[in-house]
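Chemist: A structural model of the following input is requested.
(chains A and B)
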Amino acid sequence: QKEVEQDPGPLSVPEGAIVSLNCTYSNSAFQYFMWYRQYSRKGPELLMYTYSSGNKEDGRFTAQVDKSSKYISLFIRDSQPSDSATYLCAMSAGSGNTGKLIFGQGTTLQVKP
Amino acid sequence: GAVVSQHPSRVICKSGTSVKIECRSLDFQATTMFWYRQFPKQSLMLMATSNEGSKATYEQGVEKDKFLINHASLTLSTLTVTSAHPEDSSFYICSARDRQGLKDYGYTFGSGTRLTVV
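Modeler: Residues are numbered from 1 along each chain as shown, chains lettered A, B, ... in the order given. Purely as a prediction, here's the structure:
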């Protein structure tokens, strides 16, 4: 069993739809949770960064962490064609400057005009 | 926000030669940097953790003599692929964690290096 599970998709939605992306994990030591967006042949871009459980909102993006269920989500409101990319969840147990990231497989999202 | 600069973005080399990839944190200091490898349509695989002033920590299965990592300063880490072979062709990405005092800005990634060995 992988430490972090993420449905690779692809996920196709019409423009304006609400998108829900999810990851589950097995390591209860994870405390730092991130969502990255990666366009083809580019490095991942940090979208959301949360510590422990709770919600965090930034513009059209909302990240949720439920540590009791070992489940994290990213919601994208009013999705745009420019949101089409691969979304990677990542998590870490480390503190300080160390603490390697464990990534999900990534979900490919296509937002159709 | 934090910026990590990675060069070159693309390199083609002949089999048997060595290639060096640079990763710089531009506006913050990073005592730790991470090197990843990514195959097409797959997620990032951590290769090694680069520690400033000390030896890198390699993940299981990664050949440390083939993938040489040097972290000579708080803003620069390099990955050298030695005696490259076609199977080393991949997308290599570095990242660093931006922590300034009590503020934690998370992990920032470079733009990646596409290595093609012919």
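Chemist: contacts and neighbour counts: CA atoms only from here.
Modeler: Will do.
Chemist: So A:Gly9 is in contact with A:Leu109, correct?
Modeler: Yes. If you go by Cα atoms under 8 Å, A:Gly9 and A:Leu109 touch, sitting 7.4 Å apart.
Chemist: higher neighbour count, the two?
Modeler: A side-by-side neighbour count of A:Gly9 and A:Leu109, using other Cα atoms under 10 Å in any protein chain shown, places A:Leu109 first with 20 against 14.
Chemist: Next one: that one from A:Leu101, what distance?
Modeler: Distance of A:Leu109 to A:Leu101, computed by Cα to Cα, to the nearest Å: 22 Å.
Chemist: got it, and B:Ser73?
Modeler: Per Cα to Cα, B:Ser73 is found 22 Å from A:Leu101.
Chemist: Could you check which of the two has the larger neighbour count?
Modeler: Remark: of B:Ser73 and A:Leu101, A:Leu101 carries more neighbours, 22 against 14, as counted by other Cα under 10 Å.
Chemist: Next, count neighbours for the nearest residue to A:Pro8 once chain neighbours are set aside.
Modeler: Nearest residue to A:Pro8, sequence neighbours excluded (Cα to Cα, 6 or more residues apart in numbering or on different chains): A:Thr107, at 4.2 Å. Neighbours of A:Thr107 under the rule other Cα under 10 Å: 24.
Chemist: By mean pLDDT, which helix or strand of chain B comes out lowest?
Modeler: Every helix and strand of chain B was ranked by mean pLDDT, DSSP states H and E. The lowest is strand B:103-109, at a mean of 75.
Chemist: Following element in sequence after it, please.
Modeler: Downstream of strand B:103-109, the next assigned helix or strand under DSSP states H and E is strand B:113-117.
Chemist: what lines up beside that following strand in the sheet?
Modeler: Strand B:113-117 has these partner strands in its sheet, going by DSSP bridges: strand B:10-13 (parallel), strand B:90-100 (antiparallel).
Chemist: what bits of chain B have low per-residue confidence?
Modeler: B:1, B:99-105 (pLDDT under 70).
Chemist: near chain A, which residues of it show up?
Modeler: Proximity of chain B to chain A (Cα under 8 Å from any Cα of the partner chain) is limited to residues B:30-32, B:34, B:42-46, B:49, B:91, B:93, B:97-99, B:105-112, B:114.
Chemist: run the last query once more with 6 Å
Modeler: B:43, B:109-112 (Cα under 6 Å from any Cα of the partner chain).
Chemist: Now the buried members of those.
Modeler: Buried by 16 or more other Cα atoms under 10 Å in any protein chain shown: B:43, B:109-112, out of those.
Chemist: A:Cys89 is in contact with A:Cys107, correct?
Modeler: Just to correct that, residue A:107 is Thr rather than Cys. No. Using Cα atoms under 6 Å, A:Thr107 is not in contact with A:Cys89, being 8.8 Å away.
Chemist: what does chain A have sitting close to chain B?
Modeler: Close to chain B, as judged by Cα under 6 Å from any Cα, chain A has residues A:42-43, A:105.
Chemist: SS state for the closest residue to chain B within chain A?
Modeler: For chain A and chain B, the shortest gap (Cα to the nearest Cα) falls at A:Gly43, measuring 4.1 Å. Assigned by DSSP: H, G, I helix; E, B strand; the rest coil, the conformation of A:Gly43 is coil.
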